[in-house]
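Student: Sequence and computational prediction follow.
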Amino acid sequence: LAKTTQPISMDSYEGQEVNITCSHNNIATNDYITWYQQFPSQGPRFIIQGYKTKVTNEVASLFIPADRKSSTLSLPRVSLSDTAVYYCLVGDIDTGGFKTIFGAGTRLFVKA
Amino acid sequence: GAVVSQHPSRVICKSGTSVKIECRSLDFQATTMFWYRQFPKQSLMLMATSNEGSKATYEQGVEKDKFLINHASLTLSTLTVTSAHPEDSSFYICSARDGTSGKQKNIQYFGAGTRLSVL
């Protein structure tokens, strides 16, 4: 299983763009990169998933360099409600023994 | 789409009793379901993985006789905490994935969680 490393915490202000980088040096060829958001006392919520290059949806962008050893979640113009813990996970369901192991995540605090 | 319902959201029980938590996928077939527990200010810890119709695979250190998991249908999995004790108090979260969905196969959809307090 590819292990992930993220900053423990980040602070930002409302309206700023926030970039959270995740390192996954041991990512396997078939692994996908998935990001989740979790608010206190709630289950995580899927944000975005990618395999290579760039992926964008209505809430975030995901940048993945060619070597895929890291990825960056980009949140445009954050608001107070984006204060949460963000988790980066890598894995592939078709690889035997797939399971999702959560790292420590990044605690983002958005200030007014 | 892709909604996972988890009940109850909160349960308080006496020590020694058993508690059942349900996890349902409302609009997709959950070929695989996962159960996690989470302590305050900590990350999610995977307890077990279950595939529909087969026995759950437990993570090391998780007692399978204490945390009974049943995944009898493609839309329902249950976790029963047997003979609960105060140290079992935690936030339990289930998730499900649709293994038939192609590109979405690696995405997990999570329930809202169950706060268990054992007195």
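Tutor: Yep, that arrived.

Student: Around chain B, pick out the residues from chain A.
Tutor: Those residues of chain A that sit near chain B, judged by CB under 8 Å from any CB of the partner chain, are A:32, A:34, A:36, A:41-46, A:49, A:87, A:91-94, A:99-105. C-beta coordinates here come from the backbone N, C-alpha and C atoms, glycine included.

Student: Return the subset of the residues you listed lying in helices.
Tutor: Among the residues of chain A next to chain B, no member falls in helices (DSSP state H).

Student: Type out the ChimeraX command that picks the buried ones from these.
Tutor: Per 16 or more other CB atoms under 10 Å in any protein chain shown, the buried members of the residues of chain A next to chain B correspond to this ChimeraX selection:
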select /A:32,34,36,43,44,46,49,87,91,92,93,100,101,102,103,105
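
Student: show me the contacts for whichever residue of chain A sits closest to chain B.
Tutor: Residue nearest to chain B within chain A: residue A:43 (3.4 Å; CB to the nearest CB). Each residue near residue A:43 by CB atoms under 8 Å, 6 or more residues apart in numbering or on different chains is listed here: B:4, B:6, B:93-95, B:110-113.

Student: 7 Å - rerun?
Tutor: By CB atoms under 7 Å, 6 or more residues apart in numbering or on different chains, the contact list for residue A:43 reads B:93, B:110-113.

Student: among those residues, which are in strands?
Tutor: Members of the contacts of residue A:43 lying in strands (criterion: DSSP state E): B:93, B:110.

Student: which of the contacts of residue A:43 count as buried?
Tutor: With burial judged by 16+ other CB under 10 Å, the buried subset of the contacts of residue A:43 is B:93, B:110-111, B:113.

Student: Looking at those residues, which is nearest chain A?
Tutor: The shortest approach to chain A among the buried ones among the contacts of residue A:43 belongs to residue B:110, at 3.4 Å (CB to the nearest CB).

Student: how many neighbours does the closest residue in space to residue B:75 that isn't next to it in sequence have?
Tutor: Once flanking residues are discounted, residue B:75 sits nearest to residue B:25: 5.0 Å by CB to CB, 6 or more residues apart in numbering or on different chains. A count of neighbours around residue B:25, defined by other CB atoms under 10 Å in any protein chain shown, yields 25.

Student: that older thread, out of the residues of chain A next to chain B, which are inside strands?
Tutor: Taking DSSP E as the definition of strands, these contribute A:32, A:34, A:36, A:45-46, A:49, A:87, A:91.

Student: Dump those residues to CSV, plus distance to residue A:79 and pLDDT.
Tutor: Below are those laid out as CSV (distance: CB to CB, whole Å; pLDDT from 0 to 100):
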residue, distance to residue A:79, pLDDT
A:32, 28, 89
A:34, 23, 92
A:36, 19, 96
A:45, 16, 95
A:46, 19, 94
A:49, 23, 93
A:87, 20, 96
A:91, 30, 82
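
Student: so which of these comes closest to residue A:7?
Tutor: residue A:87 (12.3 Å; CB to CB).

Student: thinking again about what came up before, what's the closest of the contacts of residue A:43 to residue A:74?
Tutor: Nearest to residue A:74 out of the contacts of residue A:43 is residue B:110 (CB to CB; 22.5 Å).
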